Each structure stands twice: as C-alpha cells, then as structure tokens.
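S.K.: need coordinates for the below:
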Amino acid sequence: MVPTSSIPAVAGRAMRVVVLADTHAPRRWTSCPPAVAAQLRRADVILHAGDVCTAALLDELAGYAPVLAVAGNNDGPDVAAWGAPPTLQADLGGLRVAMIHDSGAAQGRLRRMRRRFPDADLVVFGHSHIPLDAGDGGFRIFNPGSPTDRRRQPQGTVGVLSVEGGRLAAAGIIAVT
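M.R.: Prediction:
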C-alpha cells in the first residue's frame, strides 16, 4: 500500500508548491541557501523527492511549510522514521501527485511512471539531479534537479508548481545558484 496524504486547496488563490530533491545534507546542504530560502518562504507546501540524507533537513524545511517527502537511496533510517516512505501519493488541492526518488532509465520514463502511478496527474521524482518537466495527455512527470549538487548541470535548481482548481496551472524550474 502506498501512503497517501491530503493538503487542502488554498482559499482564494493558487497553491504554491516548492519541489526539492537531492539536497544531500549535510555534505551539500549545511544551511539553507538564500535563494532556496526565498522560494521556501512563499511555499504553501514543500515536496522533497529524496536523498535528503538527514531528517534534520526535513525538520528545517517544515519550519517554512508542511513537507511531504520520499526516501532516496542515500537516506538512512532517520529519514524513514521522520515519515518519508519509498513512494507516496498525495492530493494537493485536488491535484493527484505521486512521488518516488528513482524513476529509472530516461528511455520510457513517461510511460513507465504512468503505468506505476495510474491515478496520478503528476509524478515528482529525483535521483538524476537533472531537471525535467515532461508530459503527455494530461499526465506529467517532474524532476526539480538539485539545489546543491548540480553535477553536470549549469545551475542548482528547485521546482515551483502552481495548483489551482485541482489542476496544475503552472510548473517551472528555478535556478538558485
């Protein structure tokens, strides 16, 4: 059974969702980078797609807004104990969201995630550190990249989603370095 959560819609305006992945604290995230904090201060909810590496980071994020997280391959038992399962499904103001850390190989990813999470409108994932926003026929997959471990990417990034009326009104990848 996949754990589920529900975050109600924000009355009178779009819900702002900040999406993180692959923060790798404390090796890569010793404190919240200022450009990331600027995004988090405006969040109604925060999604973390794994490789948090320490539950203390999830506690730090929860100081900004409610946090939903999944465990990644570098996360220990403290992250799972905090409440980060391997996968989860959530209702964000009517938008059906699934989360997983590793979505597998790039080839066939969209079809594979649609099969794995048939009830989801959006699947959020991490692991590759490569930002991605792709969709087909009302189904979308989204990787925010990493704000702290950009690997071969030109900049560190986070994702920002706008949920309005039970649908994904906007999605963007924001450079934070």
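S.K.: tell me how far stretch 100-119 lies from the chain's centre.
M.R.: Chain-centre distance of stretch 100-119: 15 Å, with C-alpha atoms, centre = their mean, to the nearest Å.
S.K.: oh, that last question was meant for stretch 51-70, not what I typed.
M.R.: On C-alpha atoms, centre = their mean, the centre of stretch 51-70 falls 11 Å from that of its chain.
S.K.: can you give me the helices in the protein?
M.R.: With DSSP state H, the ranges of helices along the chain come out as 34-40, 55-62, 77-82, 109-116.
S.K.: quick one: the third one to chain centroid distance?
M.R.: Just to be clear, that refers to helix 77-82. That offset, for helix 77-82, works out to 17 Å (C-alpha atoms, centre = their mean).
S.K.: can you pull the buried residues of that helix?
M.R.: By 16 or more other C-beta atoms under 10 Å, the buried positions in helix 77-82 come out as 79, 82. All C-beta atoms are positioned from the backbone trio N, CA, C, and that covers glycine.
S.K.: coming back round to it: out of the helices of the chain, which is closest to residue 158?
M.R.: Residue 158 lies closest to helix 34-40 among those, at 5.6 Å (C-beta to C-beta).
S.K.: pull out the buried positions in the worst-scoring helix or strand of the chain on mean pLDDT.
M.R.: Between all helices and strands in the chain, the lowest mean by mean pLDDT, DSSP states H and E belongs to strand 4-7, at a mean of 82. When burial is assessed from 16+ other C-beta under 10 Å, strand 4-7 yields the following buried residues: residue 7.
S.K.: about what we covered before: quick one, which of the helices of the chain is nearest to residue 69?
M.R.: That would be, of the helices of the chain and by C-beta to C-beta, helix 55-62, which comes in at 5.8 Å.
S.K.: what packs against the closest one?
M.R.: strand 45-48, strand 67-69, helix 77-82 (3 or more C-beta pairs under 8 Å, 6 or more residues apart in numbering; DSSP states H and E).
S.K.: what comes into contact with the longest one?
M.R.: Going back to what we said before, that points to helix 77-82. Residues outside helix 77-82 that contact it (C-beta atoms under 8 Å, 6 or more residues apart in numbering): 52, 53, 54, 55, 58, 59, 69, 71.
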